Every structure is written in C-alpha cells, then in structure tokens.
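In: Predicted structure and sequence below. I'll ask about it afterward.
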Amino acid sequence: MKQSKIVIGILRFTLHAPDSESLKARRQVTAGLLARLRRRFPAAVAEVGEMDLWQKMEVAAAVVSTDGRHAEGVMAGMIEFLEKNAAETVLSDVSTELVRV
C-alpha cells in the first residue's frame with residue numbers, strides 16, 4: 001500500500017498592538033484578526049502565547065497539504081495579508097517550517 005505524502009506548514013508570528021491599553025482591547029484586536037485569517041485562508045489559526053500581556057500576542061497557523069509549494073504559498077499569503085490588513089498591529093518574529101510526514 002502506497003503511503004500518501006502529507007506536508008504540514010507551520011507559521012508562527014508575533015503581533016504588537018501599541019494602542020492597546022487593556023487585555024480586553026488586545027483580545028478584541030486578536031479575535032478580529034484571527035477570524036479574518038480563518039475566513040480567508042485554509043488554515044488552523046490560534047493564539048499560542050503571551051496571553052496575559054496587553055500589547056503583545058503570539059499566534060501560530062497550520063496548513064495541511066500534499067504539496068509543499070501549496071503550504072508555502074498559503075503561509076506567504078497570510079504574511080502578506082497581515083502586513084497589508086492589520087494596521088492596528090506591528091508584525092514581527094515571523095517563522096515558517098514545513099514538516100513532511
């Protein structure tokens with residue numbers, strides 16, 4: 001039996017929300033941004049760290065595919081989307097990884 005190729009693309013990034021003055025304000029920014037990413041891209045997206053800080057959020061996204069180029073393209077699209085559409089935040093510490101299973 002031939003085993004299928006599975007490629008998992010992992011995108012991690014940090015966002016800084018300089019205008020956020022409370023956890024509630026930061027969570028509103030985070031929730032809206034994550035919802036937009038989920039609607040636009042075929043990826044699982046979640047906040048993964050720094051949940052108690054007012055202005056910083058760590059987020060990860062995972063893309064499952066049979067083609068590494070497809071996974072890389074989705075991750076690149078997500079980065080471009082964030083750079084253009086997340087005016088209330090500053091994107092930093094971006095890293096990507098492809099895992100072949």
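Out: Arrived safely, thanks for sending. Numbering: from 1, shown residues only.
In: Strands along the chain, start to end?
Out: With DSSP state E as the criterion, the chain has strands at 7-16, 44-49, 56-65, 90-100.
In: Buried residues of the shortest one, list them for me.
Out: Within strand 44-49, the residues that count as buried by 16 or more other CB atoms under 10 Å are 45, 47. The C-beta positions use only the backbone N, C-alpha and C, and glycine is treated the same way.
In: which neighbours does that strand have in its sheet, and in what orientation?
Out: If you go by DSSP bridges, strand 44-49 pairs up with strand 56-65 (antiparallel).
In: Okay, angle between the partner strand and strand 7-16 too, please.
Out: Interaxial angle, strand 56-65 versus strand 7-16 (axes from the mean of the first three to the mean of the last three CA atoms, to 10 degrees): 160 degrees.
In: ok, residues contacting strand 56-65?
Out: Strand 56-65 has contacts (CB atoms under 8 Å, 6 or more residues apart in numbering) with 6-17, 26, 29-30, 34, 37, 41-51, 70-71, 74-75, 78, 89.
In: again, but for stretch 92-100
Out: Contacts made with stretch 92-100 from outside it, assessed by CB under 8 Å, 6+ apart, are listed as 5-16, 68, 71-72, 75, 79.
In: Low-confidence stretches in this protein?
Out: Along the chain, the model assigns pLDDT under 70 to residues 1-4.
In: Any of the contacts of stretch 92-100 buried? List them.
Out: Among the contacts of stretch 92-100, those buried by neighbour count (16+ other CB under 10 Å) are 7, 9, 11, 13, 14, 15, 71, 72, 75.
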